[in-house]
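[1] next input, structure requested:
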Amino acid sequence: MTTQCDHEFIRVAEQLADAARPIARRYFRAGVQVDQKDDNTMVTTADREIETVMRGIIGAAFPDHKICGEEQGGAVRGEGYQWVLDPIDGTSAFVMGAPTFGTLIALARDGVPILGVIDQPISGERWVGASGRGATFNGARINTRDSAGLKEALVFTTSPEYFEEPRDIDAFNDVAKQARSVRYGADCYGFGLVAMGCVDLVVEASLKPWDYAAVIPVVCEAGGIVTDWCGAPITLESDGHVLAAGGPTCHAAALSILAAA
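    Numbering: from 1, shown residues only. Predicted coordinates:
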C-alpha cells in the first residue's frame, strides 16, 4: 500500500522552489560568473546561492533530515529522510540563456524518492509529485499517456554525450530509430513533459541522484513508469541509467531494447 507524503513536506518543498525562483531569474541572461568543476561541468554563482538558501530552509524546518546537493555535497544515505537538491539542472542551458533548465527538489525516505518538484523559474512552470497524492502542474492534476509503441513515441534525451559507454549510445540509437520523433536538450524539462502527457519517453544515462530523484515521483504519480535500463525501480543508489515512460506499453517496448544492451 502506498504511503501518502506528509503535507508539511510538500509545503516546504514548494517553499524551496519559491525561494530559488527569484535568484535564478536575477542571474538569467545577466552575464553570470561561470566556473569549471573538477568533473568538467559548469557551475555558476546562481547554483551556489540557490543551494545555500534551500539548505537553510530545510535545516530550519527539519533539522534531523539529511541533505545531498550537487554543489555542496552530502553522502547519499539509504535510511531516514534525505533531501536531494539540484539548484539548476541544466546549467549549460542556463548559461546559454535557454529556459529549459530547472530547479530539482526531492525528498527520499530510506533511499526511495517520495516527493519531487521540477520548477522552471523563467516560465513559471512547476511540477509536483508526492507519494499517494498524485502529480500536478501549476496546481492542476496531470496524467501521462501511453503510446501504442515506439513507432508512435515522442522521445527526449539531454545529449548524446551523456551516453558515455558505446553500448549505451548504440542502445539509445536503436530506440530512436524506431521512435516517431526524438528531441535533445531538455534536461529535467523532458520529464515534466512526460508527466503531463506531451512526451512518451525520456532515456538518459550517467545521471546523478540530484538529476533523477525529483523526477521519479512527478512521473510516477502522474501515472507513468520510471526504472533503470534493466527494469528495476530507481533508488538514490542506482547507476544513473534512467528510462521514464508514460505507460507500460511504451516502457516495455523501449526496455526490451535497452535491457539487451
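[2] quick one: the helices in the stretch 151-261 of the chain?
    For the stretch 151-261 of the chain, the helices defined by DSSP state H, counting those that start in this stretch occupy 166-178, 189-195, 209-212, 215-221, 248-258.
[3] quick one: list the elements packing against the fourth one.
    So that's helix 215-221. strand 102-109, strand 112-120, strand 125-130, strand 134-137, helix 189-195, strand 225-227, strand 242-245 (3 or more C-beta pairs under 8 Å, 6 or more residues apart in numbering; DSSP states H and E). All C-beta spots, glycine's among them, are computed from the backbone N, C-alpha and C.
[4] hmm, 6 Å instead?
    In this structure, helix 215-221 makes packing contacts with strand 112-120, strand 125-130, strand 134-137, helix 189-195, strand 225-227, judged by 3 or more C-beta pairs under 6 Å, 6 or more residues apart in numbering; DSSP states H and E.
[5] what of the shortest one?
    Under the contact criterion of 3+ C-beta pairs under 6 Å, 6+ apart, the helices and strands touching helix 209-212 comprise strand 81-89.
[6] again, only this time at 8 Å
    Going by 3+ C-beta pairs under 8 Å, 6+ apart, helix 209-212 lies up against strand 66-69, strand 81-89, strand 102-109.
[7] and among the helices of the stretch 151-261 of the chain, the most buried is which?
    helix 215-221 (a mean of 29; mean count of other C-beta atoms under 10 Å).
[8] nearest residue to Ser123 other than its sequence neighbours?
    Nearest non-adjacent residue to Ser123, counting by C-beta to C-beta, 6 or more residues apart in numbering: Pro99, 5.8 Å away.
[9] contact partners for the residue lying farthest from the centre of the chain?
    No residue in the chain sits farther from the centre than Gly31, which is 25.8 Å out by C-alpha atoms, centre = their mean. Contact analysis of Gly31 by C-beta atoms under 8 Å, 6 or more residues apart in numbering lists nothing.
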